[in-house]
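Trainee: Structure here, sequence nowhere to be found:
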């Protein structure tokens, strides 16, 4: 083997190795980026007095089905659960879908149930109650997109 | 692989989940990265043959192709049993594993040529053996993924696993030296020509046990504490298990003459404690206890000798590797110095794959594989490998953050940390940062036990990351049956485990 080929192979290998590393980082980044994009939608409805910068969340409220449950406040802030057809239980019990670590939450606090494409929130007899926006939830209540469900210090929202 | 046959919507299927349209599984990204990794392994093999033999033999691609088939098999198992698992873990580990096989084959070729023998076949020597071990390890990992469909199931067997872990750790210590000692460290079970290192498997069992124990106990550990010097110290009786594990790891240190394993078990427990309780006091207590214990062992080794003498020797070798008396003594610093010299010879870019002389370093296929590879791929190549290790650990910790149950969090955190700590211990040893201990480099060193145990670890991380990234139905497991309010007890024996208070 000529010296030149060996040198090319030697450095080529190192370069390929690093390209692999950066490709891996790229995949990880895309993973994070997918979260970042939905986060920008997350942030907009929190603007005071309906100061929604773009029409996208408003449009979503009418038409689109909820795809994600996002924790917007509290210890788990930023956690996001992708919704399927299964109901979601919320509480301090370890077997809840969303285990919230909040002093004011009960072991089995509330649950979210889908019915005909609409999600309903239901209080499971919690001590401190579940609130949809400002109103206390007594029976199964439909949850519009982007409206906060409050449990103790934790706030949750449905997102498209 | 019965999984795909089960209708995803059937409520009886445990852990099997429906693909939600719009959810990214990233499996194709994994496949692409895997292909890239295998191209790199093939390129490494070709470069080795070009510089060692002087020509590229027509079979240079065979090891890479065989590995590709194996990893592809695991990829498909993941595709069907854990579709949302982390896409980066398998390719990164596959590359490291493949380069390990390639380097071991390079040693075989080098040995054969220096003995004036023909180039060995792909399946001969330590390279071939590593290939077989990879097959076994991947089959084990696939079986784990197929059997354990929900990581919470593992917590049912936590006490069994804990007992198994301690027994595995203890076996080499009680066996006679002829059956357990290799190169001064009693870490092995040797039966005929076959030897396994039970401690490697004990890691995983112990992590599961620690995680379960701490999920049950963490409230009392984190809340009942006294404040002293601005740090929250736990109560004396809560310290019990920690002191037990501390003594256990010191016993390992003394009877198995292995600082690395002791550090591994102790660090593992302290970190799981820290993750469970969020109290930094545990880290401080742990570090103080470990360094205190090690210092006492050092002093005892200097004055009393006996079981501590080996440790004292190792510390001397570490402190003065270039000291002539240390260098020439049997079991002295010869190996360490040779390793340092070969890393130095490699320099920034290395001599090129296949162009170094790794056989100057004793045990270059095991503990010192990083030094041997470092000579050939240089600091640039080594740091790429290190970044890959870092990314593997990072993805593990990421799954720990994202998964929704405490047991999963602790297991994923503990396993990733163990992996990271093991890499630190062996690399710190080779580069002279800490006293050298006989740890294997995960996925790289030759040896079946290490490879199998670490692939099992990765399989467990894949399982947990699947739960962390998948849709809610998989996290809530039992929700599927419908009755949200009065569900069947979850896998932690239905125990109401308390949670961290803010």
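Mentor: Great, that's in hand. For clarity, every value in this text was computed on a predicted model and none was experimentally measured.
Trainee: Run through the residues that contact residue 98.
Mentor: The chain I'm using is chain A. By CB atoms under 8 Å, 6 or more residues apart in numbering or on different chains, the contact list for residue A:98 reads A:69, A:71, A:76, A:79, A:81, A:88, A:89, A:90, A:156, B:404, B:472. Where C-beta positions appear, they are placed from N, C-alpha and C, glycine not excepted.
Trainee: oops, I was thinking of chain B
Mentor: B:37, B:38, B:40, B:41, B:44, B:63, B:64, B:67.
Trainee: Residue B:53 now?
Mentor: By CB under 8 Å, 6+ apart, the residues touching residue B:53 are B:109, B:113, B:119.
Trainee: Helices - which of those residues land there?
Mentor: The members of the contacts of residue B:53 that map onto helices under DSSP state H are B:109, B:113.
Trainee: Would you convert the contacts of residue B:53 into TSV that also reports distance to chain A, neighbour count and pLDDT?
Mentor: Shown next, in TSV, are these (distance: CB to the nearest CB, whole Å; neighbours: other CB atoms under 10 Å in any protein chain shown; pLDDT from 0 to 100):
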residue	distance to chain A	neighbour count	pLDDT
B:109	14	22	90
B:113	14	15	88
B:119	15	17	82
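Trainee: right, and out of the contacts of residue B:53, which lies closest to residue B:299?
Mentor: residue B:109 (47.3 Å; CB to CB).
Trainee: any idea which of the contacts of residue A:98 is least confident?
Mentor: Lowest pLDDT of those: residue B:472, 62.
Trainee: Geometric centre of chain A: which residue is closest?
Mentor: Closest residue to the average C-alpha location of chain A: residue A:80 at 2.1 Å, with CA atoms, centre = their mean.
Trainee: filter the contacts of residue A:98 to the buried ones?
Mentor: Listed as buried from those are A:69, A:71, A:76, A:79, A:81, A:88, A:89, A:90, A:156, B:404, B:472; burial here means 16 or more other CB atoms under 10 Å in any protein chain shown.
Trainee: possible to save those residues as a markdown table with secondary structure and distance to residue A:131?
Mentor: Shown next, in a markdown table, are those (DSSP: H, G, I helix; E, B strand; the rest coil; distance: CB to CB, whole Å):
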| residue | secondary structure | distance to residue A:131 |
| --- | --- | --- |
| A:69 | strand | 16 |
| A:71 | strand | 15 |
| A:76 | coil | 17 |
| A:79 | coil | 19 |
| A:81 | strand | 19 |
| A:88 | strand | 17 |
| A:89 | strand | 17 |
| A:90 | strand | 13 |
| A:156 | strand | 11 |
| B:404 | coil | 23 |
| B:472 | helix | 22 |
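Trainee: what's the closest of these to residue B:210?
Mentor: Proximity of those to residue B:210 (CB to CB) peaks at residue B:404, which lies at 19.7 Å.
Trainee: Surely that closest one and residue B:468 touch.
Mentor: Yes - using CB atoms under 8 Å, residue B:404 is in contact with residue B:468, at 7.4 Å.
Trainee: that older thread, just give me the closest of the contacts of residue B:98 to residue B:279.
Mentor: residue B:37 (39.9 Å).
Trainee: And the closest one, how far from residue B:71?
Mentor: As for residue B:37, its distance to residue B:71 is 8 Å (criterion: CB to CB, to the nearest Å).
Trainee: what sits in contact with each of these two?
Mentor: With CB under 8 Å, 6+ apart as the test, residue B:37 and residue B:71 both reach residue B:94.
Trainee: Not including adjacent chain positions, what is the nearest residue to residue B:123?
Mentor: Spatial nearest neighbour of residue B:123, chain neighbours left out: residue B:131 (6.8 Å); criterion: CB to CB, 6 or more residues apart in numbering or on different chains.
Trainee: Which of the helices or strands spans the one you found?
Mentor: Using DSSP states H and E, residue B:131 maps to helix B:125-147.
Trainee: tell me the SS of whichever residue of the stretch 251-400 of chain B sits closest to chain A?
Mentor: Nearest residue of the stretch 251-400 of chain B to chain A (CB to the nearest CB) works out as residue B:352 at 3.5 Å. Of the three states, residue B:352 takes coil under DSSP: H, G, I helix; E, B strand; the rest coil.
Trainee: Show the pLDDT at it.
Mentor: At residue B:352, pLDDT is 86.
Trainee: same question, the one 10 residues further on
Mentor: Per-residue confidence for residue B:362 comes out at a pLDDT of 84.
Trainee: Please verify my assumption that residue A:150 contacts residue A:131.
Mentor: Yes - with contacts counted by CB under 8 Å, residue A:150 reaches residue A:131, the gap being 4.2 Å.
Trainee: Specify which residue of those two has the higher count of neighbours.
Mentor: residue A:150 (21 against 18; other CB atoms under 10 Å in any protein chain shown).
Trainee: Contacts only, for the more buried one.
Mentor: A:130, A:131, A:132, A:133, A:156.
Trainee: can you put those residues in CSV and add secondary structure?
Mentor: Formatted as CSV, the contacts of residue A:150 follow (three-state DSSP):
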residue, secondary structure
A:130, coil
A:131, strand
A:132, strand
A:133, coil
A:156, strand
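Trainee: between those residues, which is closest to chain B?
Mentor: residue A:156 (12.2 Å).
Trainee: quick one, strands of the chain?
Mentor: No chain specified, so I'll use chain A. Assigned by DSSP state E, the strands in chain A fall at A:68-73, A:80-82, A:88-91, A:98-99, A:110-115, A:118-123, A:131-132, A:135-136, A:141-142, A:149-151, A:154-159.
Trainee: that's the wrong chain, I meant chain B
Mentor: B:181-182, B:185-186, B:189-191, B:194-196, B:225-228, B:231-234.
Trainee: Give the rounded mean pLDDT of the first one.
Mentor: Over the span of strand B:181-182, the pLDDT mean works out to 70.
Trainee: With the second one instead?
Mentor: In this model, strand B:185-186 has a mean pLDDT of 68.
Trainee: In chain A, what helix or strand scores lowest on average pLDDT?
Mentor: Across the helices and strands of chain A, mean pLDDT, DSSP states H and E gives its lowest value to helix A:56-62, namely a mean of 42.
Trainee: OK, contacts around residue A:148?
Mentor: Contacts of residue A:148 by CB under 8 Å, 6+ apart are A:72, A:73, A:132, A:133, A:155, A:156, A:157.
Trainee: now those: which count as buried?
Mentor: A:72, A:132, A:155, A:156, A:157.
Trainee: May I ask which two of these are separated the most?
Mentor: A:72 and A:132 (13.8 Å).
Trainee: Could you provide the contacts of residue A:98 in CSV, with additional columns for distance to residue B:214?
Mentor: Below are those laid out as CSV (distance: CB to CB, whole Å):
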residue, distance to residue B:214
A:69, 28
A:71, 24
A:76, 20
A:79, 21
A:81, 25
A:88, 26
A:89, 24
A:90, 24
A:156, 28
B:404, 17
B:472, 25
